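In: the amino acid sequence is not available; the structure is as follows:
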């Protein structure tokens, strides 16, 4: 997952390339239970607005010495309690071993129920055409070569702006302290100012793998009458500023200096359910400021 993060984001979490399948959320799941010949994964929790785009099974095959062929025809089967094995995917795998990827989206619903167990079995064929189970690197033996179920999703919903609070802030809310800040003198002119968020200082480094922090920036300054184009005012802010200046109502305040353009940030973090998540969070970086 860190390799994928480094392909799509720089060291500050800013986008540098496209994500596979156009996904905004990528989840990597390890085996939950190790049985003799079945790979079992627990489907992690996800937003109800997410659409599953693709699912991949990543498996590491050991080298097969003295193999009768340079390749093996490997099949992936879904295993359930109430039916026989169902074919999912197949491909030719080099006998030299290494990582291979199989597509298993066909056996998952577009919005899979959290907690659902997925069982998969791998086989190849003998020269006589008989199926036989395969040996792959497993949980508990090769930590860096365990089978992985990788889920690629797109968040289409209205809850995207709640995501940071629900997925990251709440993990630290119970232990976060509060400190008083002095009242800040607001300078004239609405401008973007430097603000670096160090995840170690807000307690997020316990579960956030990358980035270590990022430039969030913030907006500061007075939106005084008359508003200029340099302050990037909205039409509503221009009229509000005029109404406030003329005293049309004592309840009308000056427009506020706020972000007018925001961009996204990639964050990769651990969850408590044996899952690593790579997610693109929208509206995390203030690119421009204006009077609104």
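Out: That came through, no problem. Predicted, not measured: the structure shown is a model, and the values here were computed from it. Numbers count the residues shown, from 1 in each chain.
In: give the buried residues for stretch 225-237.
Out: 227, 231, 232, 233, 237 (16 or more other CB atoms under 10 Å). In this view, the C-beta of every residue, glycine as well, is placed from N, C-alpha and C.
In: just these now: which is nearest residue 46?
Out: Nearest to residue 46 among the buried residues of stretch 225-237, counting by CB to CB, is residue 232 at 36.7 Å.
In: what sits against the closest residue to that closest one other than its chain neighbours?
Out: In space, and not counting its chain neighbours, residue 232 is closest to residue 290: 3.1 Å by CB to CB, 6 or more residues apart in numbering. Taking CB atoms under 8 Å, 6 or more residues apart in numbering, we find residue 290 in contact with 190, 219, 231, 232, 233, 234, 237, 257, 258, 259, 260.
In: in a strand, residue 290, correct?
Out: Yes: counting by DSSP: H, G, I helix; E, B strand; the rest coil, residue 290 is part of a strand.
In: per-residue pLDDT, it?
Out: Per-residue pLDDT puts residue 290 at 88.
In: that one pairs with what?
Out: For residue 290, the beta-bridge partners are residue 258 (DSSP bridges).
In: tell me where the stretch 51-200 of the chain has helices.
Out: For the stretch 51-200 of the chain, the helices defined by DSSP state H, counting those that start in this stretch occupy 163-164, 170-173.
In: looking at those, which has the lowest confidence?
Out: Ranked by mean pLDDT, the helices of the stretch 51-200 of the chain bottom out at helix 170-173, which scores a mean of 51.
In: so where's the protein shaky on pLDDT?
Out: Where the chain drops to pLDDT under 70, the residues are 33-35, 66-68, 110-115, 127-128, 139-143, 157-185, 273.
In: which one's the longest helix in it?
Out: When the chain is parsed with DSSP state H, its longest helix is helix 235-246.
In: tell me who's in contact with residue 255.
Out: For residue 255, the contacting residues are 223, 227, 233, 237, 240, 241, 291, 292, by CB under 8 Å, 6+ apart.
In: pull up the gap between it and residue 283, please.
Out: 20 Å (CB to CB, to the nearest Å).
In: likewise residue 105?
Out: Taken as CB to CB, the span from residue 105 to residue 283 is 29 Å.
In: do the same with residue 15
Out: Distance, residue 15 to residue 283, using CB to CB: 14 Å.
In: what do those two both touch?
Out: residue 264.
In: domain ranges for the protein?
Out: Following automatic domain parsing, the chain resolves into domains at 31-155, 160-167+186-291.
In: tell me where the stretch 1-150 of the chain has strands.
Out: Under the criterion DSSP state E, counting those that start in this stretch, the stretch 1-150 of the chain carries strands at the ranges 25-30, 33-34, 39-42, 50-61, 71-79, 86-94, 98-103, 117-125, 131-133, 148-155.
In: thought residue 205 was touching residue 267?
Out: No: contact criterion CB atoms under 8 Å: residue 205 and residue 267 do not qualify, at 11.8 Å.
In: give me the more crowded residue out of these two.
Out: Between residue 205 and residue 267, counting by other CB atoms under 10 Å, residue 267 is the more crowded of the two (25 against 13).
In: assumed that one was part of a strand.
Out: Yes: the assignment for residue 267 by three-state DSSP puts it in a strand.
In: isn't it right up against residue 213?
Out: No: counting by CB under 8 Å, residue 213 is not a contact partner of residue 267; they are 10.9 Å apart.
In: what's around the nearest residue to residue 79 once chain neighbours are set aside, how many residues?
Out: In space, residue 79 comes closest to residue 119 once its chain neighbours are excluded; the distance is 3.9 Å by CB to CB, 6+ apart. A count of nearby residues for residue 119, using other CB under 10 Å, gives 17.
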